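Undergrad: predicted model, plus sequence, below.
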There are 2 protein chains.
Amino acid sequence: MIYCSNCGAKLTRKVPEGDDRARYVCDSCAIVHYTNPKIVAGCIPVWRNRLLLCRRAIEPRHGLWTLPAGFMEDGESTEQAAARETWEEARARVEDLALYGVFSIPHINQVYMMFRARLSTADFAPGPESLDVRLFEEHEIPWDDLAFPVVKLTLEKYINDIRNKEFSIHVEDILRHPARPR
Amino acid sequence: MIYCSNCGAKLTRKVPEGDDRARYVCDSCAIVHYTNPKIVAGCIPVWRNRLLLCRRAIEPRHGLWTLPAGFMEDGESTEQAAARETWEEARARVEDLALYGVFSIPHINQVYMMFRARLSTADFAPGPESLDVRLFEEHEIPWDDLAFPVVKLTLEKYINDIRNKEFSIHVEDILRHPARPR
């Protein structure tokens, strides 16, 4: 962030009066440009005890498997964002969304909101950002080829909850360094 | 958003190639400037069955009562944001945070994440954005003087859950027009 999006002047990085952290401030038009974490919304789509995963056609982690998820857009609810991403990446329609995980990742300024969901039909296909989309039985999950730590964490929790036959909502942080117990 | 924060050129509003919605695009340096919903994190701070509310010293809704809450900052987890806001607005320390409500408000591009929390001590005081901070018994809650619909909704759910002696996590949308059943 170099120029003011409001007036085009060069920005200064400083602590505004009455604030306690550095911001991008425009000395010309006096606007403070705040930056905030983004929500990544996604689904754990399920069809008859099998889970849907997508193989990424884009960087980062091209070729690795992921749950359908992406940045929430303005004007959406979290569920709408999760269902839209599932459509875009896996051409699959989901229903009965239930919040399952809220995972803060402070070092990349993201909060993942993952929903359990039922596939409405068995129809699915790779969207433009996917090489492949498949349903996996529990024992088939490609643990060594998952794209992101948050995907591994979500699937681990989910498989564990299946085994215990009890689903709860998981609220955890994913830290850059080896995770500390919370 | 008028100028590119990267190169200072004037922005164009258009649908980028391969996208399906209008964005702020820089024709000069080719950057797409995405905008996304923000998370507002806050607490329902409790001290011996009484709830802490803050009377707003700032607009909007100056003089009305609210739960301590505010925009999550980069580098934080959702719980850290909720606890920080409680300190800033009510000079109160909280512990044992438990996610209670995830309320999407699509028309203002916000997602509220409200946590139940216990006050660590009975110490509290108005921060710079509060005129007053008080503990309220259930029957004392100032229903007609609450600042925002999301505060009213959170408190209604909470009081209802107290009466039923069972707390769940509530995921709901708050729509501009009269709420439709979901």
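TA: Yes, it's here.

Undergrad: next up, identify which helix or strand the most centrally placed residue in chain A is on.
TA: In chain A, the residue lying closest to the centroid (CA atoms, centre = their mean) is residue A:40, at 3.1 Å. Element membership for residue A:40 (DSSP states H and E) is strand A:38-47.

Undergrad: quick one: buried residues of that strand?
TA: The neighbour-count check on strand A:38-47 (16 or more other CB atoms under 10 Å in any protein chain shown) flags A:38-47 as buried. (Each C-beta comes from the backbone N, C-alpha and C, glycine too.)

Undergrad: which other residues reach the helix or strand just after that strand?
TA: Using DSSP H and E, the helix or strand that follows strand A:38-47 in sequence is strand A:50-56. If you take CB atoms under 8 Å, 6 or more residues apart in numbering or on different chains as the criterion, strand A:50-56 is touched by A:44-46, A:62-68, A:89-90, A:92, A:119, A:124, A:126-127, A:129-138, A:141-142, A:147, A:155, A:158.

Undergrad: re earlier: the strand holding residue A:40 vs strand B:38-47, what angle?
TA: Interaxial angle of strand A:38-47 relative to strand B:38-47 (axes from the mean of the first three to the mean of the last three CA atoms, to 10 degrees): 90 degrees.

Undergrad: strand A:38-47 vs chain B: in contact?
TA: Yes - shown here: strand A:38-47 in contact with chain B (CB under 8 Å from any CB of the partner chain) through A:38-39.

Undergrad: and that strand, what does it pack against?
TA: Applying 3 or more CB pairs under 8 Å, 6 or more residues apart in numbering or on different chains; DSSP states H and E, one finds that strand A:38-47 contacts strand A:50-56, strand A:69-71, helix A:78-90, strand A:94-105, strand A:110-119, helix A:149-164.

Undergrad: show the average pLDDT along that strand.
TA: Mean per-residue pLDDT for strand A:38-47: 98.

Undergrad: that strand pairs with which strands?
TA: Based on DSSP bridges, the pairing partners of strand A:38-47 within the sheet are strand A:50-56 (antiparallel), strand A:69-71 (antiparallel), strand A:110-119 (parallel).

Undergrad: just the pLDDT at residue A:176, thanks.
TA: 86.

Undergrad: tally of neighbours for it?
TA: Neighbourhood size, residue A:176 [other CB atoms under 10 Å in any protein chain shown]: 10.

Undergrad: that older thread, tabulate the helices and strands packed on strand A:38-47 (TSV), appending mean neighbour count and mean pLDDT.
TA: Formatted as TSV, the helices and strands packed on strand A:38-47 follow (neighbours: other CB atoms under 10 Å in any protein chain shown; pLDDT from 0 to 100):
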stretch	mean neighbour count	mean pLDDT
strand A:50-56	22	98
strand A:69-71	19	98
helix A:78-90	24	98
strand A:94-105	20	98
strand A:110-119	23	98
helix A:149-164	17	97
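
Undergrad: adding distance to residue B:108, write these out as a markdown table.
TA: Below are these laid out as a markdown table (distance: least, CB to CB, whole Å):
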| stretch | distance to residue B:108 |
| --- | --- |
| strand A:50-56 | 31 |
| strand A:69-71 | 18 |
| helix A:78-90 | 14 |
| strand A:94-105 | 21 |
| strand A:110-119 | 18 |
| helix A:149-164 | 27 |
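
Undergrad: quick one: closest of the ones you listed to residue B:170.
TA: Nearest to residue B:170, of all the helices and strands packed on strand A:38-47, is strand A:94-105, at 9.5 Å by CB to CB.

Undergrad: wait, does the closest one make contact with chain B?
TA: Yes - Strand A:94-105 lies within reach of chain B by CB under 8 Å from any CB, at A:98-99, A:102, A:104.

Undergrad: sheet-wise, list the partners of that strand with their directions.
TA: Applying DSSP bridges, strand A:94-105 is found paired with strand A:110-119 (antiparallel), strand A:170-173 (parallel).

Undergrad: not counting its neighbours along the chain, what's nearest residue A:99?
TA: In this structure, residue A:99 finds its nearest non-sequential neighbour in residue B:171, 4.8 Å apart by CB to CB, 6 or more residues apart in numbering or on different chains.

Undergrad: what does the pLDDT read for the one you found?
TA: Reading off the model, residue B:171 has pLDDT 98.

Undergrad: next, residue A:36: secondary structure please.
TA: The three-state assignment at residue A:36 reads coil, by DSSP: H, G, I helix; E, B strand; the rest coil.

Undergrad: show me the contacts for it.
TA: With CB under 8 Å, 6+ apart, residue A:36 has these contacts: A:109, B:38-39, B:71-74.

Undergrad: just the residues you listed now: which is nearest residue B:81?
TA: For these, the residue nearest residue B:81 by CB to CB is residue B:72; the value is 3.9 Å.

Undergrad: mind listing what the closest one touches?
TA: With CB under 8 Å, 6+ apart, residue B:72 has these contacts: A:36-37, A:111, B:38-41, B:78, B:81, B:113.

Undergrad: swap in residue A:160?
TA: Shown in contact with residue A:160 (CB under 8 Å, 6+ apart): no residues.

Undergrad: on that earlier part again, just put the strands paired with strand A:94-105 in TSV and tack on distance to residue B:32.
TA: Output for the strands paired with strand A:94-105, formatted as TSV (distance: least, CB to CB, whole Å):
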stretch	distance to residue B:32
strand A:110-119	18
strand A:170-173	29
